[in-house]
Each structure stands twice: as structure tokens, then as C-alpha cells.
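Novice: A predicted structure for the sequence below; I have some questions about it.
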Amino acid sequence: MATAASAVFLGVVLALRVLASRLAGGNPSRALGLAEVTSAGIAIACAALFALLYLTFRAERRREIERCFLQAFLDHIPDSVFFKDRESRFVRVSCAMARRFDLPGATHAIGKTDADFFSAEHASRALADEQRILATGEPLVGLEEKETWPDGRDAWVLTTRVPLRNRTGNIIGTMGISRDITDRKQAEVRIRHMAMHDELTGLPNRALLQDRLLQAIALAGRNLKRVGVLLLDLDHFKTINDSLGHYVGDALLQEVARRLTACLRESDTVARLGGDEFVIAMPLVSEREEIEQAALRVQASLARPFTIEGHEMQVGVSIGICEYPTDGEKPEILLQNADAAMYQAKNKGRGTYYIFTAEMTEATRHRQKMHNDLRHARARGEFSLAYQPLVSTTSGVITGVEALLRWSHPELGAIPPSQFIPQLEELGLMADVGLWVLRTACRQNAEWQKQGLPPVRVAVNLSAQQFSRGDLVSAVESVLRETGLGPRWLDLELTESLTMDESEVTVSAMRDLKKLGVSLSLDDFGTGWSSLSYLRRFQFDRIKIDRSFMRDLASEPTAETVVRSIINLGHNLGLACIAEGVETRQQLDYLQRQMCPEIQGYLCSPALPADQCEELLRARSFTFAPDAPLADEALARDFPALATAVM
């Protein structure tokens, strides 16, 4: 503008100079001639024309630069940018938007509308928004929109639409920019799903279950219906998880979740509370029989064998049942009562279901108290060890003792191991308590030897939790060094289920234990997991014949066959055999005939405190009595809480 004004000013100056020179050369009073005036006018007109041409050139150049800037912006911005006329037809779009429309170029969108690219629902919603902007002149900023494409695809965008005005301020259309936020929305969905679902199985978790139960209760209340709640706990899952590893355990839980979902109604909710506990919520139930039928379907579904990572296994399930409104009107009460019924099912032998009764509330409180007491039992000095002798069948000499954990409850007295040891495992305390047992037993055996008693080996049971911690070998080595017990006098007993984990870690741990000089025994042999492969791989020194075969020896011919086969197997593999649970002379006579080298059981002695066991060690040998008290009678005598404790 300044240059154009200067040109006009220069033209006027030139014209004036021409006039001045004419006047200076002649009579000042002489009037200007026509030629002189014309010459001055032409000069002024030329100056004005030059200025106009210059202004036009500058304006066109500025518009070209602006067009280049806009085109570069539309070519490279990753967001969808669009301009529309008042009929919501596209007049210009960015290249990114053209690519989203799967167009060969941005110009192919001109004249089209949203209806040409999106679903009718989305197109009509966008049209309504743009008509509102045209009518009010107000922008729509930061609107999250779900775009549905004709092929069914969904996408989310964050869109801002503003009115498009001309130089005079009139609205001539709309302009918008949309950013694809599909990834963010999907992440939000995943986060919400993770907050409300179990990560391993994808089932609803406790939080979502609570919400579903609240909805089911409200619906049942309006329709005068019932809500069924079934709490499931897999039987012996911990054995599988600890012996075969968490990977197999997790895969088993995933398959259980699939089977549960498949055998129930679509309206039912299957949730995982954690570990091996699942809950089924059944809304709009008319009769209790419907809930019991569902429990039977669950049992039938889970009764089929599972094959996980080449391992075939069968999993039982204990189920507790309660219902709204009879057994509670709040989700937490229903879950608590179903849990009480489930534990009652476990106490009745597992693999069954039990319906809640009011009497179970006291049992639940009792179990919770026992859990709390167990957590503090070791610190309070309530644990002790009893030692049961292992005796030679040929000489009657004591060859060893097995250290057995005992719990003397301050109120209930002696609690049977069959009741509190599973709870130690459930609470995750077995590894620490097991280490205490190992240290105490080794110290006691070393003390007996210092007193000059005949040296015998002490057998200590290992739990799967001790193995899974990964420091078992170093722990055993440390205990032997600390107590001064020679490794040859320590025998570590492992259950068959624990040896099912044939991973290199387990095999290596077994090998390292053998290098320490301790002996290894396979406990409860023949109870369902027997495999010759792990007898070969794990370098056992002994196998212990499970007491159940001794119990059935007189009444079940097959038990006699199994016992004879196990003893023969031991002879052939160079493994010593120990028969557990020997209570009668008849059992002893049979074992002597089969040349079973050692026995353990009430025929010889029950498990005794250390001082009483010391007296037996001083005597060195037994004279076998005609018969021993039956194990059940002895248990009732030794554990009075067995008859009164409800767990």
C-alpha cells in the first residue's frame, strides 16, 4: 500500500512539474493550453493505473501464498479437516480425511455429504449438529462422536465444528476438524473391563458381581422371584497348582471358566473371586430346584477329564448354595452364607453341594477365628512336633522317626492335622511352618545323637509351597549346618502330586538335594498319580505305601494285590518300602511274608512327644503287640477337639 501511494504521489508531482515548467517559460498570466492539460492528466492517470496494477498483483500474490499455506496444511495434517456449504456438502477436505473415506484424492469428496460415507444414523446426527450451528452461529467444541461405517466398523473421533463466515460476517457454511481417538476409547474400554473383570479368565470380578447381585435382587423384589447364589471351590486345586506349576493351574482355571459359562443360562453371571473360587448368580429363579439343577449341571460339566499341557486330570468341585430373600437380602450376606455352605460341603467329603442353613453362620465365624489363630500359632509357641517310629519288620529295631506337626489350641486343645494343615496351605503359611518343622526335627535328632542314643534318620514332609519358593536346597543346607545333623540322618518325604512337576527346576532341586547327602522318600505311593517315570527321574531311596491299602488289606483282595505289586516294584528298582498305617498283627504278618522291610503305625507306636520317643529310642526295639487300637479310636483319644470342632 505504501509503494502504491508513493507511485500515485510521484505521478502527481511529475504532472505539477510539467505545468510549472510551462509557466516558468512564458507569461504567468497565460492560460494553459489544451496540450498541456492533457499531458498532466495522462501523467496522473498513468500513475493511478500503475498503482492499481501493483495493488492487484500484491493481493493476488498474498492469496496465492494463503492458498499454498492452506493446501500444505490440508495435505499434511493427520486429522480430518473439512469445509461444508450450507447444505452440508463438502467443498474441501484434508488428504487425511480423503484417505479415511478411501478416496483417490481430496477433490473426490467435493459435493458429497456424510450420507455418502457413514451410516444413516451418524449422517443424520452430523447434519443436525451443522444445521444448529448455521442457525445459532455457536460452535460445537470437543464433541466425542462414534462413527459407524456402512460395513459395520465403528470409530471414535473428537470433533470441533465452527461456523464458516465470509468477509461480511455472514455464515456460508461450516468448518470442522476431527481427530481419531479410537485407540484411546478402546484403551478406556479395556481399563474399565480390567477394573470389573478377572484378568486371567475374563469373568466378572467381585466388584462387578456385587453390582450384578444388586440388580438381580432389585429385579427379584419387583417380580416376587428368587436369586440363587452358588459359591464353587475346586477340590485339590492347590495340589495341582503347586505340583504342576502355576502355568498349568492358570490354564485349568481358564478351562473351568469356559465350562461353567457354557452350562448355565445366558442371564446367569459367572464370576471369579480369586484363586479357585467361583460364584454363580442366578436371577429370576422361581424354585430352589432350579438352583440345585444348576449345581448338578456344574458338577457334571467339571467331572469330565481336563487335558492341560499333556496332563490329564479330574477336578471335583464343592458348592455352597443360598438364595435371596430366604438367606439374605444383601450381596455380601449372600456371599458369606454361600461360603459357609461351601465349607460344609468340603467337610462332608468334597465333590458335592450343600444348601445353607442358619446353623452354618456359627461355623463360618469359627473358621474365621481358626484362620486368625493359625496366623499367630507359631509365634505363640502353640506348634510342636510328635515323632512316630519306623520299625524293621525283621528285627523290631527302630530305624527312624517321622516328625509330625501338632497344634495345641489354647481353647480347643489338640487340633487334628487333617483340619489345620489344609488351612495352613490355604493361608500360604505352609512354607514358613515347614521350615520351622525341618529345623526343629533336625535339631532334635542331633540332640538325641549327642546323648548317645542310636542314630536314626528323621523323616520330614515337604510341602509344595516350600518347593515353589525356590530356596529349598539352600534352606535344607543351612538347617543341616546350623543343627550339626549329618545329612544321611535326614529323610525328606515328598507326595506323589508334588513330583508330577517334572520341570527342570524341580528335577534340578531333587538332584541338588541328593548331592547334599539326604535321602528322599515318595509318600502316599499308589494314591492316584503313580508313574514309573518319576521314580526313575527323581532318584528316590524309598516309597511309602499309603495307609488306605493297609486299611483295606483284610477286606479287599485288590488291596492285597496292589501292596504286593508295590513291594515287588520296590525290590526290582532297588527302593526300600515302608508300609504306613499298620495296626494289626495280620497286616504285619502279610508284610513280613512279602519282605516289606519297614512299617509305621499304631501297631508299633502312635506319634509321641520328643521325651517319650526318646524312651523308645533307648529301648531300641519293639515286641509287637497282638493288635493296636484302631486309628479312629486313637485319633479320638489323642485329638478330643476332633469330635467338637466344626471347621
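Specialist: Alright, I've got the coordinates. Numbers count the residues shown, from 1 in each chain.
Novice: residue ranges of the helices in the stretch 151-300 of the chain, please?
Specialist: Along the stretch 151-300 of the chain, the segments classed as helices by DSSP state H, counting those that start in this stretch run 182-196, 206-223, 237-244, 246-262, 288-303.
Novice: now these as JSON lines including distance to Arg375?
Specialist: C-beta here means a position set from N, CA and C on the backbone, and glycine is covered the same way. What follows is these, written out as JSON lines (distance: least, Cβ to Cβ, whole Å):
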{"stretch": "helix 182-196", "distance to Arg375": "30"}
{"stretch": "helix 206-223", "distance to Arg375": "22"}
{"stretch": "helix 237-244", "distance to Arg375": "18"}
{"stretch": "helix 246-262", "distance to Arg375": "24"}
{"stretch": "helix 288-303", "distance to Arg375": "31"}
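Novice: Deepest in the core, which of these is it.
Specialist: The highest mean neighbour count among the helices of the stretch 151-300 of the chain, using mean count of other Cβ atoms under 10 Å, belongs to helix 237-244: a mean of 22.
Novice: That helix vs helix 246-262, what angle?
Specialist: Relative orientation of helix 237-244 versus helix 246-262 (axes from the mean of the first three to the mean of the last three Cα atoms, to 10 degrees): 140 degrees.
Novice: Looking at helix 237-244 now, give me its mean pLDDT.
Specialist: Averaging pLDDT along helix 237-244 yields 79.
Novice: cool, stretch 320-340 as well?
Specialist: For stretch 320-340, the mean pLDDT works out to 93.
Novice: Convert that stretch to PDB, retaining C-alpha atoms only.
Specialist: Provided in PDB are the C-alpha atoms of stretch 320-340 (Å, rounded to 0.1, in the frame of the first residue of the first chain):
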ATOM      1  CA  GLY A 320     -22.400 -73.900  48.600                       C
ATOM      2  CA  ILE A 321     -25.900 -72.700  47.800                       C
ATOM      3  CA  CYS A 322     -28.000 -69.900  49.200                       C
ATOM      4  CA  GLU A 323     -30.800 -67.700  47.900                       C
ATOM      5  CA  TYR A 324     -32.400 -64.300  48.100                       C
ATOM      6  CA  PRO A 325     -34.500 -63.500  50.100                       C
ATOM      7  CA  THR A 326     -34.500 -66.500  52.400                       C
ATOM      8  CA  ASP A 327     -30.800 -66.500  53.300                       C
ATOM      9  CA  GLY A 328     -30.100 -62.800  53.000                       C
ATOM     10  CA  GLU A 329     -31.100 -59.600  51.300                       C
ATOM     11  CA  LYS A 330     -27.600 -58.100  50.600                       C
ATOM     12  CA  PRO A 331     -24.900 -59.300  48.300                       C
ATOM     13  CA  GLU A 332     -22.300 -59.500  51.000                       C
ATOM     14  CA  ILE A 333     -24.600 -61.600  53.200                       C
ATOM     15  CA  LEU A 334     -25.500 -64.000  50.400                       C
ATOM     16  CA  LEU A 335     -21.800 -64.500  49.500                       C
ATOM     17  CA  GLN A 336     -20.900 -65.100  53.200                       C
ATOM     18  CA  ASN A 337     -23.700 -67.600  53.600                       C
ATOM     19  CA  ALA A 338     -22.800 -69.400  50.300                       C
ATOM     20  CA  ASP A 339     -19.200 -69.600  51.500                       C
ATOM     21  CA  ALA A 340     -20.300 -71.200  54.800                       C
END
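Novice: Just the residues contacting it, thanks.
Specialist: Here stretch 320-340 makes contact (Cβ atoms under 8 Å, 6 or more residues apart in numbering) with 209-210, 213-214, 216-217, 220-221, 226-231, 279, 285, 288, 291-292, 295, 341-345, 353-356, 360-361, 363-364.
Novice: do stretch 342-362 as well
Specialist: 230-233, 235-236, 288, 292, 295, 299, 316-322, 327, 337-338, 340-341, 363-364, 367, 646-647.
Novice: Same check on stretch 393-403?
Specialist: Counting by Cβ under 8 Å, 6+ apart, 385-392, 437, 440-441, 444-445, 454, 456-461, 491, 493, 588, 591-592, 596-600, 607, 613, 616-617, 620-624 sit against stretch 393-403.
Novice: end-to-end on that stretch?
Specialist: Taking Cα to Cα, to the nearest Å, the first and last residues of stretch 393-403 lie 20 Å apart.
Novice: Can you give me the buried ones in it?
Specialist: Neighbour counts using 16 or more other Cβ atoms under 10 Å place 393, 398-403 of stretch 393-403 among the buried residues.
Novice: Secondary structure and pLDDT for these - can I get that in TSV?
Specialist: TSV is the format used below for those (DSSP: H, G, I helix; E, B strand; the rest coil; pLDDT from 0 to 100):
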residue	secondary structure	pLDDT
Thr393	coil	93
Ile398	strand	94
Thr399	strand	94
Gly400	strand	95
Val401	strand	97
Glu402	strand	97
Ala403	strand	97
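Novice: between the helices of the stretch 151-300 of the chain, which gets the lowest average pLDDT?
Specialist: Among the helices of the stretch 151-300 of the chain, helix 237-244 carries the lowest mean pLDDT (a mean of 79).
Novice: now the buried residues of stretch 393-403 as JSON lines including distance to Gln466?
Specialist: Formatted as JSON lines, these follow (distance: Cβ to Cβ, whole Å):
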{"residue": "Thr393", "distance to Gln466": "31"}
{"residue": "Ile398", "distance to Gln466": "27"}
{"residue": "Thr399", "distance to Gln466": "25"}
{"residue": "Gly400", "distance to Gln466": "21"}
{"residue": "Val401", "distance to Gln466": "20"}
{"residue": "Glu402", "distance to Gln466": "17"}
{"residue": "Ala403", "distance to Gln466": "14"}
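Novice: which of these lies closest to Arg67?
Specialist: Nearest to Arg67, judged by Cβ to Cβ, of the buried residues of stretch 393-403 is Ala403 at 91.8 Å.
Novice: distance of the closest one from Glu138?
Specialist: Ala403 sits 83 Å away from Glu138, going by Cβ to Cβ, to the nearest Å.
Novice: Ok, Glu121 next?
Specialist: Distance, Glu121 to Glu138, using Cβ to Cβ: 24 Å.
Novice: Assign a three-state SS to the residue lying closest to Met342 once chain neighbours are set aside, would you?
Specialist: Nearest non-adjacent residue to Met342, counting by Cβ to Cβ, 6 or more residues apart in numbering: Gly320, 3.0 Å away. Secondary structure, DSSP: H, G, I helix; E, B strand; the rest coil: Gly320 is strand.
Novice: What of Gly111?
Specialist: Three-state assignment for Gly111 (three-state DSSP): coil.
Novice: List the contacts of the nearest residue to it once chain neighbours are set aside.
Specialist: Among residues not flanking Gly111 along the chain, Arg89 sits closest, at 5.5 Å (Cβ to Cβ, 6+ apart). Contact partners of Arg89, counting by Cβ under 8 Å, 6+ apart, are 110-113.
Novice: Kindly export the helix or strand harbouring Ile421 (C-alpha atoms) in CSV.
Specialist: Taking DSSP states H and E as the criterion, Ile421 maps to helix 417-426. Extracted as CSV, the C-alpha positions of helix 417-426 are listed here (Å, rounded to 0.1, in the frame of the first residue of the first chain):
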residue,chain,number,x,y,z
PRO,A,417,-3.5,-82.2,61.4
SER,A,418,-6.1,-83.1,58.8
GLN,A,419,-8.0,-80.0,59.8
PHE,A,420,-5.3,-77.4,60.3
ILE,A,421,-2.7,-78.3,57.7
PRO,A,422,-5.0,-77.7,54.7
GLN,A,423,-5.8,-74.3,56.3
LEU,A,424,-2.1,-73.5,56.6
GLU,A,425,-1.8,-74.2,52.9
GLU,A,426,-4.8,-72.1,52.1
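Novice: what angle sits between whatever helix or strand comes next after that helix and helix 417-426?
Specialist: Using DSSP H and E, the next helix or strand after helix 417-426 towards the C-terminus is helix 430-450. Using the same axes, to 10 degrees, the direction of helix 430-450 lies 120 degrees away from that of helix 417-426.
Novice: any residues touching helix 430-450, and which ones?
Specialist: Here helix 430-450 makes contact (Cβ under 8 Å, 6+ apart) with 378, 383, 385, 387, 401, 403, 405, 421, 424, 455-458, 460-463, 465-466, 468-469, 475-476, 479-480, 482-485, 489-490, 610, 614, 617.
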